[in-house]
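> What follows is a predicted protein model with its sequence.
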Amino acid sequence: MYFKLGRQSVARKLFDEMPIRDVVSYNTLIAGYSSCGQAGIAREVFDSMSERSFVSWSAMIAGYSKSGDLDAARELFERMPERNVVCWNAMIAGYAQNERFSEAVKIFRRMLQVEGMKPNEVTLVSVLSACANLGALGLGKWIHRYVERASTRLGLFLGNALSDMYSKCGCIAEARKVFDEMPERDVISWSIIVTGTAMHGLWNEAIACFHEMLQQGTKPNDITFMGILSACTHAGLVDDGLEYFDRMSREFGIDPKVEHYGCVVDLLSRAGRLDEAENLISSMRVSPNAIVWGALLGGCRIYGDVDRGERAAHRILQLDPDHSGSHIYLANAYASVGKLEEAAKYRVWMREKQVVKTPGCSWIEIDNAVYEFLMGDRSHPQSGKIYAMIRSLAPRMKLAGYVPNTSLVCQSIDEEEKENALAMHSEKLAVAFGLVSTEEGATIRVVKNLRVCKDCHDYMKVMSQVVAREIVLRDRNRFHHFKDGVCSCKDYW
Ligand SMILES: [Zn+2]
Ligand SMILES: [Zn+2]
């Protein structure tokens, strides 16, 4: 109890004064230190124990995971004389919570296939979250069948995890099906569907679902509102969006976070209501970040409002001096009004500072294994085949109207530009690998960690037509369903 109050020393004193200390009291101490992120002290306690239970080991593994030291957790895990399902869960959840999703999946396979251990609901929820993040639909479906075979009751946790996995893997209809089958639902269940349908470009459904939720008496939370606001943004429903934004605090008492402001500023900016957008930024109750200003900058770029754009770009550079989008914008804006010296300053910066902040990375699942590609990656064993496929398609791509866009100036203010413009972006490699490894006509599903750039977006559209395949690409923001040369986002992302 004292740990929860942040009074470690009191807890320790109590422990030290105990006449008899059993395993349980040691375990409590380990769990206590672990929960405050003091894995080092927890380990001292652990090492001083003469006998340990499963709980001691898993509490220690969880402690290391919480402080992000997965290697120490794994080392301990491997040293265990015996493991029960709780220990496996601690290790799997550790990987999943630290975003090491492929490792979570890998160790889950070992649990099942090598050690023959039976997973429980907690295991499956962790693995499903890893699947959702990796776009590993095959494994996700396998877990769904496993749940059905074991006729486990679809409780809230498992139901939500399954539905979320389907939604994030691009199968919104399946997500909805799981949702409909759940005996009970909470605000998270509803939010998954609202956000999922919005991400898939099914705006009307997202809005309908939101109203259905209200009718059934579930109170929305800030995540539900993110979903509904992004639906309005993508559908260009400015006034509806403003109304939801207003109701959020007035009717439901939810204080908007910086993400909500970002969404509404984006909504207004895309519609050209730049005055209102800028006013909203100045009235924000939290301090605006680079994303909020970036949304305004995007609008200024579309509507050619140079003065305001300059203001926004400078604000962004104050917050994030490496923001390449602002540098590009300023270089182009100054060039367009003839301030060539100023323009050159920003252009030189771009050339000198090709900082790769977050490397672009794409994943594709083939036969239940997940493959990872980086920009210009040649490390894959089938690399030769992949590049040969890309080269062999190039003439047909060109004929179908694809023009490679590699010039620095034409780049938009996407994150993706942090990748070198001339190298092959990871999603193109992942899709090419999909083409060489799947049957004719099979849908190709790729997950990308950043926003897709304009060039790759054009490329995918043409590719879907040339090879007559559906390509589902999930980027950081939303889903793109490429089919017959068009994208479900209608080039609005
Ligand atoms: Zn790209
Ligand atoms: Zn798209």
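Nice, I can see it. Numbers count the residues shown, from 1 in each chain. Ligands and ions are numbered 1, 2, ... in the order given.

> if I pick the residue lying closest to Tyr329 once chain neighbours are set aside, what's in contact with it?
Once flanking residues are discounted, Tyr329 sits nearest to Ala313: 5.1 Å by Cβ to Cβ, 6 or more residues apart in numbering. (Each C-beta comes from the backbone N, C-alpha and C, glycine too.) The contact partners of Ala313, by Cβ atoms under 8 Å, 6 or more residues apart in numbering, come to 297, 326, 329-330, 333.

> can you give me the mean pLDDT across the helix or strand harbouring Ala313?
Element membership of Ala313, judged by DSSP states H and E, is helix 306-319. Helix 306-319 carries an average pLDDT of 92.

> List the buried residues in the lengthiest helix in the chain.
For the chain, the helix with the greatest residue count under DSSP state H is helix 383-399. Going by neighbour count (16 or more other Cβ atoms under 10 Å), the buried part of helix 383-399 is 386, 389-390, 393, 397.

> can you list the domains in the chain?
185-246, 256-353, 361-487 (automatic domain parsing).

> And the shortest one, end to end?
Meaning domain 185-246. 26 Å (Cα to Cα, to the nearest Å).

> Quick one: the buried residues of helix 383-399 as TSV, columns for pLDDT and distance to ligand 2 too.
Formatted as TSV, those follow (pLDDT from 0 to 100; distance: Cβ to the ion, whole Å):
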residue	pLDDT	distance to ligand 2
Ile386	93	23
Met389	92	22
Ile390	91	20
Leu393	91	20
Met397	91	17
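
> with those in mind, which one is nearest to ligand 1?
For the buried residues of helix 383-399, the closest approach to ligand 1 (Cβ to the ion) belongs to Ile390, at 13.4 Å.

> Helix, strand or coil: sort out the residue lying closest to that closest one once chain neighbours are set aside for me.
Among residues not flanking Ile390 along the chain, Ala432 sits closest, at 5.0 Å (Cβ to Cβ, 6+ apart). The three-state assignment at Ala432 reads helix, by DSSP: H, G, I helix; E, B strand; the rest coil.

> so Ile386 sits right up against Val436, yeah?
Yes: counting by Cβ atoms under 8 Å, Ile386 touches Val436, with 6.3 Å between them.

> packing partners for the lowest-mean-pLDDT helix or strand in the chain?
When each helix and strand of the chain is scored by mean pLDDT, DSSP states H and E, helix 8-17 comes last, with a mean of 71. Helix 8-17 sits against helix 23-35, with contacts defined as 3 or more Cβ pairs under 8 Å, 6 or more residues apart in numbering; DSSP states H and E.

> Run through the helices of the stretch 1-150 of the chain in chain order.
When secondary structure is read from DSSP state H, counting those that start in this stretch, the stretch 1-150 of the chain shows helices at 8-17, 23-35, 39-47, 54-66, 70-79, 85-97, 101-109, 121-134, 137-149.

> other SSEs contacting the helix or strand hosting Cys300?
Under the criterion of DSSP H and E, Cys300 resides in helix 290-303. On a contact count with 3+ Cβ pairs under 8 Å, 6+ apart, helix 290-303 meets helix 258-270, helix 274-282, helix 306-319, helix 324-336.

> just the ones you listed: most buried one?
Per residue and on average, the most neighbours among the helices and strands packed on helix 290-303 fall to helix 258-270, with a mean of 24 (mean count of other Cβ atoms under 10 Å).

> roughly how far out does that one sit from the chain middle?
19 Å (Cα atoms, centre = their mean, to the nearest Å).

> Under the pLDDT cut-off, which ranges of this protein? List them.
1-8, 19-20, 350-358, 406-423 (pLDDT under 70).

> hmm, 50 instead?
356, 408-421 (pLDDT under 50).

> what's the burial count for Phe482?
Neighbour count of Phe482, defined by other Cβ atoms under 10 Å: 24.

> again with Arg52
Arg52, neighbours per other Cβ under 10 Å, totals 18.

> Hmm, Val23 and it touching each other?
Yes: contact criterion Cβ under 8 Å: Arg52 and Val23 qualify, at 7.0 Å.

> SS state for Gly401?
Under three-state DSSP, Gly401 comes out as coil.

> so how far is Val431 from it?
To Val431, Gly401 is 18 Å away according to Cβ to Cβ, to the nearest Å.

> between those two, who's got more neighbours?
Val431 (28 against 12).

> Please report the distance of the more buried one from Gly170.
14 Å.

> Quick check: chain neighbours aside, which residue is closest to Gly68?
Leaving aside its sequence neighbours, Gly68 sits nearest to Asn98 (Cβ to Cβ, 6+ apart; 5.9 Å).

> for the one you found, phi and psi?
When read as degrees, to the nearest 10, the backbone of Asn98 gives phi -100, psi 20.

> For the residue in the stretch 201-350 of the chain that ligand 2 sits nearest to, grab the count of nearby residues.
Minimum separation of the stretch 201-350 of the chain from ligand 2 (Cβ to the ion) falls at Gly201, amounting to 8.4 Å. Number of residues near Gly201 (other Cβ under 10 Å) recorded here: 22.

> just checking, it touches Ser488?
Yes: here Gly201 reaches Ser488: they are 4.6 Å apart, a contact under Cβ under 8 Å.

> Find residues that contact each of these two.
479, 481.

> Work out the gap between the helix or strand where Tyr166 lies and the centre of the chain.
Per DSSP H and E, Tyr166 falls inside helix 156-168. With Cα atoms, centre = their mean as the basis, helix 156-168 stands 15 Å off its chain's centre.
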